[in-house]
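Asks: Just need the structure, nothing else, for what follows:
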Amino acid sequence: MLMTEVTRNGTAIQEFILEGFPAAEHLGILLFLVHLLAYLASLVGNMLIITMTCEDHRLHTPMYFFLSTFSFVEYSCISTVIPQLLAIFLSGRQKISFGACFTQAFVFLFLGATAFFLLAVLSLDRYLAICKPLHYHTIMSPRMCVFLVTVCLVLGFLLMAIPVVMLSQSVYCGPNVIPHFFCDFGPLANLSCSETRSIKMLFFNFALIVLFTSLLIAVFAYSNIVVTIVRLPSARERQRAFSTCSSHLIVLSLMFGSCIFIYIKPKQSSRLDTNREAALVNTVVTPLLNPVIYTLRNKQVHQALKDTLSRIKHHRYHRKNVLFS
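Replies: Model (predicted):
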């Protein structure tokens, strides 16, 4: 329900209503189950990467440190959105307070921007490992790895905090229905009664910085990687070098494709339905595929997973013998 009492900054709205997908309301239970399974699978996949990286000493390398950090950030990012989506599928619509809505928008955008910077760092890591192997371990020291992750977090925080805070200070006098399944920047800006053109342009420019900075770094890294791989004398060496990068390239394509479609458009109000579909892919499908891509296409992860399962099986067998002895 729309609140009519005007607050000090002129905003009449105290809560928003997330509309979700009105056309799919009659499939609410089915969609709930499908997306719940996808969310749980994404949770298990990302936590598996994090656990194996922590437990297996062979994965204590810069690449897997960045990958496990990326998995944690990605899971945290979708966890700000998917529970809300599941609630919408059960209830049809979902109310969210003014403060909670902007908090959700900020956390989602902050973690999303951080994930893109981490992808850029992963690209640089592969560039140094393949193109500068003699200097790799000297450059990618543990201190440097922590520093790079910290820079990604700080940049993501600063670039997304400024436009979201500015938008939250705008006047909202109605309507209060958000045609989306979570509080995203575009739908919130379109509901404001204030002039938000300058804020939209600021966010657009910051989104360009995030996406195209990370994209340029990835292009630079992989163009040099391709040149280096082509020059390798052995076909086996070329295949091995490319196998360490192919998973990352697939993840890059999935994430950049969906996010450029959603955010890098001057007019976001004209294609809200397609935005919702692209956002659904970005928040449900891509996080589910990423752990699968990284685990299925990596021999080191294969071996670490086998060893982990073997230890679990051995532990259960030993425990069973103790109980029945």
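Asks: and L215, how many neighbours?
Replies: 17 (other C-beta atoms under 10 Å). Yep, even glycine has a C-beta here, placed from its N, CA and C like the rest.
Asks: State the distance from the residue nearest to it when sequence neighbours are not counted to R238.
Replies: Nearest residue to L215, sequence neighbours excluded (C-beta to C-beta, 6 or more residues apart in numbering): F256, at 6.1 Å. Distance, F256 to R238, by C-beta to C-beta, to the nearest Å: 25 Å.
Asks: More neighbours: which of these two?
Replies: Using other C-beta under 10 Å as the criterion, F256 and R238 rank with F256 on top: 18 against 15.
Asks: Now do the SS call for that one.
Replies: Using DSSP: H, G, I helix; E, B strand; the rest coil, the structure places F256 in helix.
Asks: Next one, pLDDT for it please.
Replies: At F256, the predicted lDDT confidence score is 73.
Asks: my read: it touches L216, true?
Replies: No - the pair formed by F256 and L216 falls short of the contact definition of C-beta atoms under 8 Å, at 11.4 Å.
Asks: Return the residues in contact with I139.
Replies: I139 sits next to 128, 132 when contact means C-beta atoms under 8 Å, 6 or more residues apart in numbering.
Asks: how about a cut-off of 10 Å?
Replies: I139 is in contact with 62, 124-125, 128-129, 132, counting by C-beta atoms under 10 Å, 6 or more residues apart in numbering.
Asks: Okay, now the unreliable bits of the chain?
Replies: The chain contains residues with pLDDT under 70 at 1-12, 23-25, 237, 240-248, 258, 261-277, 292-305, 307-325.
Asks: All the strands of it, residue numbers only.
Replies: Secondary structure of the chain (DSSP state E): strands at 15-18, 94-97, 177-178.
Asks: related to what we said a few turns ago, can you give me the distance of the residue nearest to L215 to S198?
Replies: For F256, the distance to S198 - C-beta to C-beta - is 27 Å.
Asks: count of residues packed around the nearest residue to C131 once chain neighbours are set aside?
Replies: With sequence-adjacent residues excluded and distances taken as C-beta to C-beta, 6+ apart, C131 is closest to T228, at 4.8 Å. T228: 16 surrounding residues under other C-beta under 10 Å.
Asks: Does T228 touch L128 like I think?
Replies: No - using C-beta atoms under 10 Å, T228 is not in contact with L128, being 11.1 Å away.
Asks: Would you state the helices of the stretch 151-300 of the chain in chain order?
Replies: 185-191, 197-230, 235-263, 272-280, 286-296, 299-324 (DSSP state H, counting those that start in this stretch).
Asks: mind checking how far the residue nearest to K132 when sequence neighbours are not counted is from T213?
Replies: Closest residue to K132 apart from its sequence neighbours, by C-beta to C-beta, 6+ apart: I139 at 7.3 Å. I139 is 20 Å from T213, where distance means C-beta to C-beta.
Asks: again, but for L36
Replies: L36 is 35 Å from T213, by C-beta to C-beta.
Asks: F220 now?
Replies: Taking C-beta to C-beta, one finds F220 at 11 Å from T213.
Asks: Can you verify my assumption that F203 contacts A161?
Replies: No - look at F203 against A161 with C-beta under 10 Å: they stay out of range, at 11.3 Å.
Asks: which one of those two has more residues nearby?
Replies: Remark: of F203 and A161, F203 carries more neighbours, 24 against 13, as counted by other C-beta under 10 Å.
Asks: ok, and the closest non-adjacent residue to that one?
Replies: Using C-beta to C-beta, 6+ apart, the closest residue to F203 is P163 (4.0 Å).
Asks: Now for the one you found: which residues touch it?
Replies: Here P163 is in contact with 105-106, 109, 185, 189, 196, 198-207 (C-beta under 10 Å, 6+ apart).
Asks: how much space between it and R238?
Replies: Applying C-beta to C-beta to P163 and R238 gives a distance of 44 Å.
Asks: could I get the strands of the chain as JSON lines with mean neighbour count?
Replies: Shown next, in JSON lines, are the strands of the chain (neighbours: other C-beta atoms under 10 Å):
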{"stretch": "strand 15-18", "mean neighbour count": "20"}
{"stretch": "strand 94-97", "mean neighbour count": "16"}
{"stretch": "strand 177-178", "mean neighbour count": "19"}
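Asks: looking at these, which is closest to V284?
Replies: Closest of the strands of the chain to V284 is strand 15-18, at 15.7 Å (criterion: C-beta to C-beta).
Asks: on contacts alone, who are the packing partners of the closest one?
Replies: Counting contacts by 3 or more C-beta pairs under 10 Å, 6 or more residues apart in numbering; DSSP states H and E, strand 15-18 is packed against helix 82-91, strand 94-97, helix 98-131, strand 177-178, helix 185-191.
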